[in-house]
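**Student:** below: sequence and its predicted model.
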Amino acid sequence: MWAPTRLLTSQTTTRLIYLTSPGQATTRLAFTSLKSTPATRTLLIAAPFACISTLKLHSSIMSTQIRPIVVSGPSGGGKSTLLTKLFDEFKGCFAFSISHTTRKPRPGEINGKDYHFVSREDFEKMIAENQFLEYAEFSGNLYGTSKKSVSDISKSGLLCVLDVEINGVKSIKKSDLQPTPRFIFIKPPSLDVLKARLESRGTETPESLQKRLDTAKEALDYASEPGAYDYVINNDNLEVAYETFKSILKD
């Protein structure tokens, strides 16, 4: 059983909502001396890991949507490792948005699970209808994150995570996505350290390595601009970076 959710009202009654599984709850009433002001009330969400921290409730308006998390960082910076640790530790709490693409499915890929596989005509129609938060073309194929895929996850009670590159970050910032995402950048200690990490993989050619380093420099330069990200995590120690990552999500 997950921890209870506690709703503080202007009365002395506290409603405890015990979440037994995603989307299900039983409620019990308890009494407390705690009170909130009429103007601002606080809903403490204790989904799996206190999955979401504190949402503000204003007099007659309660929003149950959860702000998506946009995570970015150069290849080799540890972004994927941090996200894997997070998803492994807190199962049933987070979900990646499912991208649309015009490329053909690879063996074993499932439509609607790995990607939404669509025709170029349908993809371009979605672009014209402003349905994408961000999209790009790679090797002749279009890839994009739709607004609906993100909002559906938020409405389900899970925290939507978007793993995107710098251009995706810029596009999402210009979008009208609601609720407004939080932007987190995973920063390697230095380009030299990043280069060593990439070389240790043994998968890069001199040309591809240089391309990744050039892309990383662009991402680091953008991350240094005021207001580019809400949080920048320096990943020079994985465990410290992970604890910082979790503390941000609990904030």
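**Tutor:** All right, it came through fine.

**Student:** what does the biggest helix by length in the chain rub up against?
**Tutor:** Longest helix of the chain, by residue count under DSSP state H: helix 206-223. With C-beta atoms under 8 Å, 6 or more residues apart in numbering as the test, helix 206-223 has contacts from 72-77, 165-166, 169, 185, 187-188, 191, 194-195, 198-199, 204, 228-229, 232. Every C-beta, even on glycine, is put in place using the N, C-alpha and C of the backbone.

**Student:** next, give phi and psi for the most centrally placed residue in the chain.
**Tutor:** Geometric centre of the chain, nearest residue: Val161, 2.1 Å, by C-alpha atoms, centre = their mean. When quoted as degrees, to the nearest 10, the phi and psi of Val161 stand at phi -110, psi 130.

**Student:** okay, and the beta partners of it?
**Tutor:** Applying DSSP bridges to Val161 gives these bridge partners: Ile69, Phe96.

**Student:** quick one: it from Thr180, how far?
**Tutor:** 15 Å (C-beta to C-beta, to the nearest Å).

**Student:** Glu109 now?
**Tutor:** 32 Å.

**Student:** what's the answer for Asn237, then?
**Tutor:** 30 Å.

**Student:** where does pLDDT dip in the chain?
**Tutor:** Residue ranges of the chain with pLDDT under 70: 1-65.

**Student:** care to break it down by domain?
**Tutor:** Domain ranges of the chain: 4-58, 69-250, per automatic domain parsing.

**Student:** most tightly packed of those?
**Tutor:** Ranked by mean neighbour count, the domains of the chain are led by domain 69-250 with a mean of 16 (mean count of other C-beta atoms under 10 Å).

**Student:** that older thread, after the longest helix of the chain comes which helix or strand?
**Tutor:** In the C-terminal direction, the helix or strand that comes right after helix 206-223 (DSSP states H and E) is strand 231-234.

**Student:** who does that next one pair up with?
**Tutor:** strand 182-187 (parallel).

**Student:** helix or strand right after the partner strand?
**Tutor:** Assigned by DSSP H and E, the successor of strand 182-187 is helix 191-201.

**Student:** which helices and strands sit right next to that following helix?
**Tutor:** Packing partners of helix 191-201 (3 or more C-beta pairs under 8 Å, 6 or more residues apart in numbering; DSSP states H and E): helix 206-223.

**Student:** what residues does the strand or helix carrying Lys246 touch?
**Tutor:** When elements are assigned from DSSP H and E, Lys246 belongs to helix 238-250. Identification of contacts with helix 238-250 by C-beta under 8 Å, 6+ apart yields 49-50, 53, 69, 78, 81-82, 85-86, 159, 182, 184, 186, 231, 233-235.

**Student:** which residues does Lys148 contact?
**Tutor:** Counted by C-beta under 8 Å, 6+ apart, Lys148 has contacts Gln131.

**Student:** which strand or helix spans it?
**Tutor:** Element membership for Lys148, per DSSP H and E: helix 147-155.

**Student:** cool, Gly76 as well?
**Tutor:** Secondary structure assigned from DSSP H and E places Gly76 in neither a helix nor a strand.

**Student:** contacting residues for it?
**Tutor:** By C-beta under 8 Å, 6+ apart, the neighbours of Gly76 are 188, 194, 197-198, 201, 212, 216.

**Student:** can I get those in JSON lines with distance to Ser139?
**Tutor:** Shown next, in JSON lines, are these (distance: C-beta to C-beta, whole Å):
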{"residue": "Pro188", "distance to Ser139": "26"}
{"residue": "Leu194", "distance to Ser139": "24"}
{"residue": "Arg197", "distance to Ser139": "25"}
{"residue": "Leu198", "distance to Ser139": "20"}
{"residue": "Arg201", "distance to Ser139": "21"}
{"residue": "Arg212", "distance to Ser139": "16"}
{"residue": "Ala216", "distance to Ser139": "20"}
